[in-house]
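# what follows is a predicted protein model with its sequence.
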Amino acid sequence: MRCLLVLFISIAILSCKEEKPLVETTIEDVNFIPIPNEVKAHSYGFLFDIETVIVSDTLTEVRNVASDFKKYFKVTPFLKEAVQTTQKEENVISFSLVSPDSIQSEEGYVLDITHHKIALAGSTEAGLFKGVQTLTQLLPDSLIAAKPMDSLVIPGIRIIDEPRFAYRGMMLDVARHFFTVNQVKRVIDQMASYKLNKLHLHLTDDQGWRIEIKSWPKLTEIGGSSSVRDESPGFYTQEDYKEIVAYAQSKYITVIPEIDMPGHTNAALASYPELNCNGKATKLYRGMRVGFSTLCVDKDITYKFIDDIIREVAAITPGEYIHLGGDESHVTSKKDYNIFLNKVFPIVKKYGKSVVGWEEIQSADIDSTYVIQHWQKEATAQKGIDKGAKVILSPAKKMYLDMKYTKQSPIGLTWAGMVEVDSAYIWQPSSIFKDIDTSQLLGLESPLWAETIQTSEDIEYLAFPRVIGHAELGWSNPANYNWDNYRGRLQKHYSRMEILGINFYTSPLIHSSLKQ
């Protein structure tokens, strides 16, 4: 994001030549996204020179966060030295861990930029990383674009910030169309820059099975060979998946794998006939219809199959959750559906994970240890909330990134309606379930289903800029939600997305003169 900051520069005449000159800075607009909770301007900014250094705590993770910021200065004469652990107090950029008593939120941070130093503090490495994302948004576009520059001033500012919700995610459907490890890493980079912290990977569906299960190899040999219209088949080996998980961890993002069941399972049924009640393999499916498949609930082999899958996936997933899907299982009777889930839930817990499922799983025996994901019917989700379950908000009419912006959008679907940039932003997450205990509302997730998308450009067109607005709703204080203010910040942020090569949708609601 281009942070348009009006800088009135006047260099004071000083008696000591060794001292850095004072540079007055006035903040006219702060164009951060997400907008921080507390922002206060200082009179003087921080002037970089060739003696400016980065110092950090000795912990490797903290030094890695510091190095992540240092990479932007490769084409400048600044910050040429390696990250140091000295206790120098002036002309420094410091990264430090402090007591949780002073910064209680694990992802919270304090950024203080004065004439003397840039000081970033957090009680965890994750908090420092989130602070770096804010600090990066203060850098000029020319620096992000790797253009050489000889002078640089960062405006004086103090920010105290922490997230509203602990869960701020995006879902990527890799089952309808497969996306490579590098494509997923690109999504992770983009998520991290807006302080998102959960990546939900929809790994299995009727059209394809995308995760290697060594005890059931035909799932990828057969089930991984198809996709919608056969446009992008493929699968991740377990080593591929571990690479994605590790990369996400380096950006303080947790991967949540989804193995959808008992419906959305045609790829599995085509791979192993014994999972069908009639013992016959189905044909691979390449269309977009939903709700026609189901695992055979009455067979013991079904639960051996699920046990093996959960065991293997849990072993390579360090995060807390495994998502069981559970949506649109239209050909499974309600009785069988509940019998099935009540047998599967203990399998997930046996391998040390907590269950997440779409709102339909509320009909089974869930309690406060479960998480439901609201996507369509508030009344259905409310039943799960009444049982004590926690909830993730993904209302399709506001948060489904695969919905078209307008009728003219070249890709996307329309069953939940068109979701323009304003519609994606103008709503209050706390207003959907008015009587919910605040501890039950985990946060937000922006799902991107992949029926109509094949490329990274497609992902970005549908995600950006809507996911940016969702990120602000998940992070920022509700008192700071303001469409007119956000619209202005987003318009000025377009240049940053252009520099980063993001293929974003240019809404006429943001700037009517921008080309569609």
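Yep, that arrived. From a predicted model like this one, the values you see are computed outputs, not experimental measurements.
# just confirm Leu120 is within a helix.
No. Using DSSP: H, G, I helix; E, B strand; the rest coil, the assignment for Leu120 is strand, not a helix.
# need the contact list for it.
93-96, 109-112, 128, 131-132, 135 (CB atoms under 8 Å, 6 or more residues apart in numbering). For every residue, glycine as well, the C-beta is placed using N, CA and C.
# swap the cut-off to 7 Å and go again
94-95, 109, 111, 128, 131, 135 (CB atoms under 7 Å, 6 or more residues apart in numbering).
# what is the burial count for the residue nearest to Thr85 when sequence neighbours are not counted?
Using CB to CB, 6 or more residues apart in numbering and skipping the chain neighbours, the partner closest in space to Thr85 is Thr58 (5.3 Å). If you count neighbours by other CB atoms under 10 Å, Thr58 ends up with 7.
# might one say that Thr58 is in contact with Thr86?
No. Using CB atoms under 7 Å, Thr58 is not in contact with Thr86, being 11.0 Å away.
# name the residues contacting each of the two.
Contacts common to Thr58 and Thr86, judged by CB under 7 Å, 6+ apart, are absent.
# from Val419, how far out is Tyr425?
Tyr425 is 10 Å from Val419, where distance means CB to CB, to the nearest Å.
# same check on Glu212?
Distance from Glu212 to Val419, by CB to CB: 35 Å.
# which one's more surrounded, the two?
Taking other CB under 10 Å, Glu212 and Val419 do not tie; Val419 has more neighbours (24 against 21).
# can you tell me the element the nearest residue to Lys407 once chain neighbours are set aside falls in?
Leaving out its chain neighbours, the residue that sits closest to Lys407 by CB to CB, 6+ apart is Met418, at 6.8 Å. Taking DSSP states H and E as the definition, one finds Met418 inside no helix or strand.
# swap in Leu219?
Taking DSSP H and E as the criterion, Leu219 maps to helix 218-221.
# that helix: how far from the chain's middle?
29 Å (CA atoms, centre = their mean, to the nearest Å).
# also stretch 65-82?
Relative to its chain's centre, stretch 65-82 lies at 26 Å (CA atoms, centre = their mean).
# identify the residues contacting Leu231.
Not Leu; residue 231 is Glu. 177, 454.
# and the gap between it and Gly291?
22 Å.
# ok, now Ser142?
52 Å.
# before we move on, what about Lys117?
59 Å.
# higher neighbour count, these two?
Lys117 (18 against 14).
# could you find the closest non-adjacent residue to the more buried one?
Nearest to Lys117 is Val92, by CB to CB, 6+ apart, at 5.0 Å.
# can you list the weak-confidence ranges in this protein?
Where the chain drops to pLDDT under 70, the residues are 1-18, 25-30, 512-516.
# make it 80
Flagging of the chain using pLDDT under 80 yields the residue ranges 1-21, 23-30, 86-87, 511-516.
# quick revisit: which secondary structure state is assigned to the residue nearest to Thr85?
Strictly by three-state DSSP, Thr58 counts as coil.
# count the residues that sit near Glu239.
Using other CB under 10 Å: Glu239 sits among 10 other residues.
# and it, how far is that from Lys304?
Distance of Glu239 to Lys304, computed by CB to CB: 25 Å.
# mind listing the strands for the stretch 101-250 of the chain?
109-113, 117-122, 153-154, 157-161, 167-173, 198-202, 204-205, 208-209 (DSSP state E, counting those that start in this stretch).
# partner strands of the third one, with direction?
I take that to be strand 153-154. The strands beside strand 153-154 in its sheet (DSSP bridges) come out as strand 46-47 (antiparallel).
# cool, the longest one as well?
As defined by DSSP bridges, the strand partners of strand 167-173 come to strand 198-202 (parallel), strand 441-448 (parallel).
# next, format the ones you listed as CSV and append mean neighbour count and distance to Pro257.
Converted to CSV, the strands paired with strand 167-173 look like this (neighbours: other CB atoms under 10 Å; distance: least, CB to CB, whole Å):
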stretch, mean neighbour count, distance to Pro257
strand 198-202, 25, 6
strand 441-448, 23, 14
